[in-house]
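model this:
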Amino acid sequence: MPTYPDQEERTEAECMAHGFRWRSRFHCILNQLRANKDISELEKSDIDRIPYAVCTCSVTPTGLQNVPDTRWNNIPIGEYEAAERYFEEFIEGLEKSTEFYSLLKYHFSDLQKHEELTERSSSRRFLLLFQKIRAQKDRELLNRPRNRERGVPQDEAQRTKQTIHLASLKKDYIPLFVGEKGKNMKRYLRGKKKVKVELEVKDNDQVFATIVCKAKDSEPIAKKLTEEAELLVERRRIHEQNQREYLERLGTGDDEDNMDTNSQEEDMDE
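Purely as a prediction, here's the structure:
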């Protein structure tokens, strides 16, 4: 069952564009302004830029640091309050029987009820933008500088790096372990995303694997690589043992007798 703002405990004002309590309602308002362009007098291109302009998030959904737009702090609180009154008057001037009026009235009332319209909050930025664009044709605040700083992506913050000793793996087996064009390694890591594995040979030909991955995948990947290394070594042991036994049979002449028998059968067939 979805949770609506009026079922939530009061918290500080949210970003209207991204806050989980209000973003759906905010985009509903924007959609109504688009659909009623003749009344709202806002261009679609302007409406599309509003979410970024009023965003108050410190970090974007992609993990970039959002440098605050300080221009909003230079605007007197009185202008925000005037914009709130302007929007309320705009709503009351709409035809009361329309969906446009009902939705705007409903969402605006909830913003007031839950104290989202405080200080220089994201919702107040929206109302101020609405007034400036519609009444004053002033689009300056839409031109938010895209001065984002590269931060650590959210998933990067949860990534770990560890080095494990693949004790059973011999240096000469590394190509077989990795596979042609990394085919085997891809199989080991199937279902895991954003994983980096580097193999390194250290003192006494010891093989180590450095793994960079999500924290939750660290232990399963280490276990998988260790198991696959042990399986490869066991397969190679069996193969080499069979090869030695074959060569030993060649040395005793067992295989020569087999070759003579095969030759006789071929002569009979002829």
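
For Lys132, what is the enclosing helix or strand?
In this structure, Lys132 sits in helix 122-136 according to DSSP states H and E.

Contacts made by that helix with the rest, please.
For helix 122-136, contacts defined as C-beta atoms under 8 Å, 6 or more residues apart in numbering pick out 13-17, 19, 22, 26, 40-42, 46, 50, 53-56, 72, 75, 79-80, 82-84, 86-87, 90, 111, 116-118, 138-142. Glycine gets a C-beta too; all of them are placed from N, C-alpha and C.

Helices - which of these land there?
26, 40, 46, 50, 53-54, 79-80, 82-84, 86-87, 90, 111 (DSSP state H).

Pull out the buried members of the residues you listed.
Burial by neighbour count, judged by 16 or more other C-beta atoms under 10 Å, picks out 26, 40, 46, 50, 53-54, 80, 83-84, 86-87, 90, 111 from these.

Between those, which sits nearest Tyr188?
Relative to Tyr188, the closest of these is Phe26; by C-beta to C-beta it sits at 44.7 Å.

Tell me how many other residues surround the closest residue in space to that closest one that isn't next to it in sequence.
Leaving out its chain neighbours, the residue that sits closest to Phe26 by C-beta to C-beta, 6 or more residues apart in numbering is Met16, at 4.1 Å. Neighbours of Met16 under the rule other C-beta atoms under 10 Å: 27.

follow-up on the earlier one: among the ones in helices among the contacts of helix 122-136, which one sits closest to Glu248?
Nearest to Glu248 among those is Phe26, at 79.7 Å by C-beta to C-beta.

Against Phe126, how distant is the closest one?
7 Å (C-beta to C-beta, to the nearest Å).
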